[in-house]
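Asker: I would like the atomic coordinates for the input below:
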Amino acid sequence: MNDLLSPLLTPEGRALLDEVRGTAPADELAVATRLRRRHPADLVSAALAQARLRQRAAAKFGEADAERMFFTPNGVEQSTRASVASYRAECFRASGIRSVADLCCGIGGDAIALARAGIRVLAVDRDPVTAATARANAEALGLADLIEVREADVTEVDTAGHDAVFVDPGRRGGRGRVFDPEAYSPPLSWAVEAARGAPRAALKIAPGIPHEAIPADAEAEWVSDGGDVKEAVLWFGAGVTPGARRATLLPTGAAVRASPDTMLPDPEVRPVGRYLYEPDGAVIRAHLVAEVAEELDGGLVDPTIAYITADGLHATAYATPYEITDVLPFNVKKLRALLREREVGNLTVKKRGSAVEPEELRRKVKPQGPNAATVFLTRVAGAPTMLVGAPARPAAGAGPS
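Answerer: Sure, this is the predicted structure:
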């Protein structure tokens with residue numbers, strides 16, 4: 001891959017990248033045939049492959065940066081979304097951090113965000129291709145003065161001269177995602193000790209990590225962006241409350257947090273009220289549904305389901321409200337008749353605690369008509385239930401924020 005990257009960094013390679021920018025997949029063969037009359041075939045193939053990667057990366061990095069950066073297939077897949085990296089970099093900056101050792105830096109996504117926050121970065125990765133790509137990205141974005149890229153084994157790097165450490169262990173193996181934290185590369189246990197040895201540290205982990213695997217001296221944060229849970233982070237060192245949990249929702253930055261001495265017990269189970277609230281995934285992962293339920297003066301529809309029910313409509317950053325019109329035992333025929341009567345053609349199906357797949361239900365009820373509805377397939381007090389409703393919009397200034 002280095003042999004593919006290096007030619008792209010030459011004037012001929014950069015000019016070729018500009019020429020193939022935005023090439024549609026259907027046009028690649030024709031473009032390649034034309035360009036190979038003037039350029040080496042390997043260089044044309046590398047440029048077209050990089051153009052494809054840049055198109056994929058635009059969703060994470062924004063089109064302006066993606067068109068200047070260099071990527072590997074794994075780098076696009078595993079790198080931190082720019083909005084999340086920028087949020088974390090601001091957390092470091094706001095706490096007075098001026099230098100960070102970025103261990104397992106990948107193609108440099110977090111290093112770029114840290115540098116843009118004015119923080120000096122030592123970016124380390126043992127893979128020569130990945131390190132070369134990170135270096136190329138620092139130069140392409142004009143950040144080379146703030147980012148030193150080092151090709152090395154992170155377990156052998158001395159981080160003592162830095163204000164903070166950020167560790168992003170590899171969580172993919174030859175067979176795909178790795179779910180055992182000790183199978184991370186490097187293992188979670190090593191990463192935790194590296195974080196503990198720094199004045200302040202952040203350790204990126206998979207959002208689905210079992211809570212019992214979280215070290216007692218860490219503060220755990222789950223981050224969502226646009227409603228999708230992107231990652232979890234363990235914070236160590238100065239300013240951290242051991243055992244605390246936090247859910248942060250981007251792009252607003254709204255956060256709900258609880259420390260061990262303020263965490264609430266599970267909410268009570270109530271009959272389904274007028275409104276159903278679907279908590280953000282970060283809130284659910286952080287086990288902070290009780291805190292949101294208290295804000296909404298609500299309870300759960302079932303002790304094992306993270307749906308909050310309440311009689312009042314409140315503005316909240318942490319959950320999406322729906323007005324419920326019907327509560328039905330699970331019965332496809334009854335649902336089909338109800339939707340037909342109301343001329344529902346635009347049907348959204350959500351599920352939690354149900355084995356029925358949304359697309360399967362849609363095929364069976366065959367929605368038709370000009371109206372819209374949302375159906376929740378769930379359990380209510382242990383019984384399979386269908387809740388029918390529609391998104392609700394609180395009036396400006398209503399309820400807590």
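
Asker: got the residue ranges for the strands in the stretch 101-250 of the chain?
Answerer: When secondary structure is read from DSSP state E, counting those that start in this stretch, the stretch 101-250 of the chain shows strands at 120-125, 147-151, 164-167, 172-173, 176-177, 200-205, 219-225, 228-237, 245-250.

Asker: and those, which is most packed in?
Answerer: Among the strands of the stretch 101-250 of the chain, the stretch with the highest mean neighbour count (mean count of other CB atoms under 10 Å) is strand 164-167, at a mean of 27. C-beta: built from backbone N, CA, C; applies to glycine.

Asker: mind giving me the packing neighbours of that strand?
Answerer: In terms of contacts (3 or more CB pairs under 8 Å, 6 or more residues apart in numbering; DSSP states H and E), strand 164-167 is packed against helix 82-94, strand 99-103, helix 188-196, strand 200-205.

Asker: in the protein, which helix is the longest?
Answerer: As far as residue count goes, and with DSSP state H defining each element, the longest helix of the chain is helix 41-61.

Asker: point to the residue nearest the middle of the protein.
Answerer: The chain has residue 230 as the residue nearest its centroid, 1.2 Å off, counting by CA atoms, centre = their mean.

Asker: you'd agree it is up against residue 81?
Answerer: Yes - with contact defined as CB atoms under 8 Å, residue 230 reaches residue 81; the gap is 5.8 Å.

Asker: coming back round to it: show me what counts as buried in the longest helix of the chain.
Answerer: Along helix 41-61, the positions that meet the burial threshold by neighbour count (16 or more other CB atoms under 10 Å) are 43-44, 46-55, 57, 60-61.

Asker: go on, stretch 181-198?
Answerer: Neighbour counts using 16+ other CB under 10 Å place 181, 184, 186, 188, 190-192, 194-195, 198 of stretch 181-198 among the buried residues.

Asker: closest one of the residues you listed to residue 88?
Answerer: Using CB to CB, residue 195 is the member of these that sits closest to residue 88, with 13.8 Å.

Asker: could I get the contacting residues of that closest one?
Answerer: Counting by CB atoms under 8 Å, 6 or more residues apart in numbering, residue 195 makes contact with 165, 167, 201-203, 218, 234, 236-237.

Asker: okay if I get the residues you listed as CSV plus pLDDT and distance to residue 36?
Answerer: Compiled in CSV, the contacts of residue 195 are given as follows (pLDDT from 0 to 100; distance: CB to CB, whole Å):
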residue, pLDDT, distance to residue 36
165, 97, 46
167, 96, 43
201, 97, 49
202, 97, 46
203, 96, 46
218, 97, 53
234, 97, 49
236, 97, 53
237, 95, 54
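
Asker: mind putting those residues into CSV with distance to residue 96?
Answerer: Below are the contacts of residue 195 laid out as CSV (distance: CB to CB, whole Å):
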residue, distance to residue 96
165, 15
167, 20
201, 14
202, 15
203, 19
218, 20
234, 20
236, 16
237, 12
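
Asker: and which of these is nearest to residue 319?
Answerer: Proximity of these to residue 319 was ranked by CB to CB; the top entry is residue 234 with 24.9 Å.

Asker: which one among the contacts of residue 195 gets closest to residue 342?
Answerer: Top of the list for closeness to residue 342, among the contacts of residue 195 and by CB to CB, is residue 234 at 47.7 Å.

Asker: listing request: residues of the stretch 1-150 of the chain with sub-threshold pLDDT.
Answerer: Applying pLDDT under 70 to the stretch 1-150 of the chain flags the ranges 1-3.

Asker: which of the three states applies to residue 315?
Answerer: State at residue 315, reduced to three classes by DSSP: H, G, I helix; E, B strand; the rest coil: coil.

Asker: could you measure from it over to residue 264?
Answerer: For residue 315, the distance to residue 264 under the criterion CB to CB, to the nearest Å works out to 21 Å.

Asker: then residue 354?
Answerer: Separation of residue 354 from residue 264 (CB to CB) stands at 27 Å.

Asker: ok, the two, which is more surrounded?
Answerer: residue 354 (19 against 13; other CB atoms under 10 Å).

Asker: what's the distance between the more buried one and residue 180?
Answerer: 29 Å.

Asker: now residue 85
Answerer: Residue 85 sits at a distance of 25 Å from residue 180 (criterion: CB to CB).

Asker: same check, this time on residue 357
Answerer: Look at residue 357 and residue 180: by CB to CB, they are 28 Å apart.

Asker: quick one, helices of the stretch 201-350 of the chain?
Answerer: Using DSSP state H, counting those that start in this stretch, the helices of the stretch 201-350 of the chain run over 281-285, 289-295, 332-341.

Asker: which strands and helices sit next to the second one?
Answerer: With contacts defined as 3+ CB pairs under 8 Å, 6+ apart, the packing partners of helix 289-295 are strand 254-258, strand 275-279, strand 299-302, strand 305-310.

Asker: tell me the buried residues in it?
Answerer: Residues 289-293, 295 are the ones in helix 289-295 that count as buried (16+ other CB under 10 Å).

Asker: for the last one, same thing?
Answerer: Of the residues in helix 332-341, those buried under the neighbour-count criterion (16+ other CB under 10 Å) are 335, 338-339.

Asker: what's it in contact with?
Answerer: Contacts of helix 332-341 from elsewhere in the structure, counted by CB under 8 Å, 6+ apart, are 326, 328, 347, 361, 364-369, 373, 375, 386, 388.

Asker: just among those, which is most surrounded?
Answerer: With neighbours defined as other CB under 10 Å, the most crowded of the contacts of helix 332-341 is residue 375; it has 25 neighbours.

Asker: contact partners for it?
Answerer: By CB under 8 Å, 6+ apart, the residues touching residue 375 are 335, 347-350, 361, 386-388.

Asker: pLDDT wise, what is it at?
Answerer: Here, the pLDDT recorded for residue 375 equals 98.

Asker: what do you get for residue 262?
Answerer: Confidence per residue is given as pLDDT, and for residue 262 that number is 95.

Asker: ramachandran coordinates for it?
Answerer: phi -120, psi 0 (degrees, to the nearest 10).

Asker: just residue 141 next, same as before
Answerer: When read as degrees, to the nearest 10, the backbone of residue 141 gives phi -100, psi 10.

Asker: for the buried residues of helix 289-295, give me JSON lines that also has pLDDT.
Answerer: Output for the buried residues of helix 289-295, formatted as JSON lines (pLDDT from 0 to 100):
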{"residue": "289", "pLDDT": "98"}
{"residue": "290", "pLDDT": "97"}
{"residue": "291", "pLDDT": "97"}
{"residue": "292", "pLDDT": "98"}
{"residue": "293", "pLDDT": "97"}
{"residue": "295", "pLDDT": "95"}
